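In: Next input, structure requested:
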Amino acid sequence: MSSIIIALGILVALVVIIGLWIAGIYNSLVALRNRFKNAFAQIDVQLKRRYDLIPNLVETAKGYLKHEHETLEAVIKARNIAAAAAQTAAANPADANAMKGLVSAEAGLGGALSRLMVVSEAYPDLKANQNMLQLTEELTSTENKISFARQAYNDSVMTYNTTRETFPNVVFAGAFGFLPAELFKIEDPTERNAPKVNFA
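Out: As a prediction, the model looks like this:
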């Protein structure tokens, strides 16, 4: 009888140890997922700041760029698409499709802003406008902050994905609903350059 009790005790102890071990895996994945979601929240703050600056930039340029109506409309349209994509991605940064949509929308916005800046170069009065100079300086600063926030986010995603994909975590990650996270990366090498916004 005592050998049965000992065997049962050992079995219970093993179940408890395995349960604690699995709980540890689950908790570490939760912590890493929350870390990359927080890192995305930092990107989101900077993106919103940029989205708020763009209409002011367009309004300032509008008075000077009377014949560039299509360019101004393209910037506003790209800004609205990017803002909607950012809102979708912010709701669930772990959704790979939402992140891909944001990357695509941001690439479109970057292209539209670049076209605006190229067109603006032909208007010396606009380049000298104090409001335009201030807005472009703020936009440049925001672009730099977005780059740093994106790097921190990608580092967090890499850590999460690596932990999720290593053994034995990979065995439990799918069962717990921990899907791979998408990096915030720019695919097209021509889109890697931030829009030039310097009027100096």
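In: rest of the way, CA atoms for contacts and neighbours
Out: Fine.
In: What helices and strands are in contact with the lowest-mean-pLDDT helix or strand in the chain?
Out: For the chain, using mean pLDDT, DSSP states H and E, the weakest element among its helices and strands is helix 124-128, scoring a mean of 81. With contacts defined as 3 or more C-alpha pairs under 8 Å, 6 or more residues apart in numbering; DSSP states H and E, helix 124-128 has no helix or strand neighbours.
In: same thing but at 10 Å, please
Out: Under the contact definition 3 or more C-alpha pairs under 10 Å, 6 or more residues apart in numbering; DSSP states H and E, helix 124-128 sits against helix 2-62, helix 96-120, helix 130-165.
In: mind putting those helices in CSV, mean pLDDT included?
Out: As requested, the helices and strands packed on helix 124-128 are exported to CSV (pLDDT from 0 to 100):
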stretch, mean pLDDT
helix 2-62, 93
helix 96-120, 91
helix 130-165, 94
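In: Tell me the spacing between L113 and D95.
Out: 27 Å (C-alpha to C-alpha, to the nearest Å).
In: who's more crowded, the two?
Out: Ranked by neighbour count (other C-alpha atoms under 10 Å), L113 and D95 place L113 first, with 26 against 16.
In: Tell me if I'm right that that one and I54 touch.
Out: Yes: between L113 and I54 there is a contact under C-alpha atoms under 10 Å: 8.7 Å.
In: what residues do the two have in common as contacts?
Out: 75-76, 79 (C-alpha atoms under 10 Å, 6 or more residues apart in numbering).
In: Quickly name whichever of those is closest to A175.
Out: R79 (38.3 Å; C-alpha to C-alpha).
In: Where does the closest one sit, in terms of helix or strand?
Out: Per DSSP states H and E: R79 is located in helix 69-91.
In: which strands and helices sit next to that helix?
Out: Identification of packing neighbours for helix 69-91 by 3+ C-alpha pairs under 10 Å, 6+ apart yields helix 2-62, helix 96-120.
In: out of those helices, deepest packed?
Out: helix 96-120 (a mean of 20; mean count of other C-alpha atoms under 10 Å).
In: What is it packed up against?
Out: helix 2-62, helix 69-91, helix 124-128.
In: hmm, back to that, distance from the chain centre to the least confident helix or strand of the chain, please.
Out: 33 Å (C-alpha atoms, centre = their mean, to the nearest Å).
In: what's the answer for stretch 138-153, then?
Out: 10 Å.
In: how about that stretch as PDB, C-alpha atoms only?
Out: What follows is stretch 138-153, C-alpha atoms only, in PDB (Å, rounded to 0.1, in the frame of the first residue of the first chain):
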ATOM      1  CA  GLU A 138       8.800  68.800 -37.000                       C
ATOM      2  CA  LEU A 139       8.100  66.200 -39.700                       C
ATOM      3  CA  THR A 140      11.800  65.300 -40.000                       C
ATOM      4  CA  SER A 141      12.000  64.900 -36.200                       C
ATOM      5  CA  THR A 142       8.900  62.700 -36.200                       C
ATOM      6  CA  GLU A 143      10.300  60.500 -39.000                       C
ATOM      7  CA  ASN A 144      13.400  60.000 -36.900                       C
ATOM      8  CA  LYS A 145      11.300  59.000 -33.900                       C
ATOM      9  CA  ILE A 146       9.300  56.600 -36.000                       C
ATOM     10  CA  SER A 147      12.500  55.000 -37.200                       C
ATOM     11  CA  PHE A 148      13.700  54.500 -33.600                       C
ATOM     12  CA  ALA A 149      10.300  53.200 -32.500                       C
ATOM     13  CA  ARG A 150      10.200  50.800 -35.500                       C
ATOM     14  CA  GLN A 151      13.600  49.400 -34.600                       C
ATOM     15  CA  ALA A 152      12.500  48.800 -31.000                       C
ATOM     16  CA  TYR A 153       9.300  47.200 -32.200                       C
END
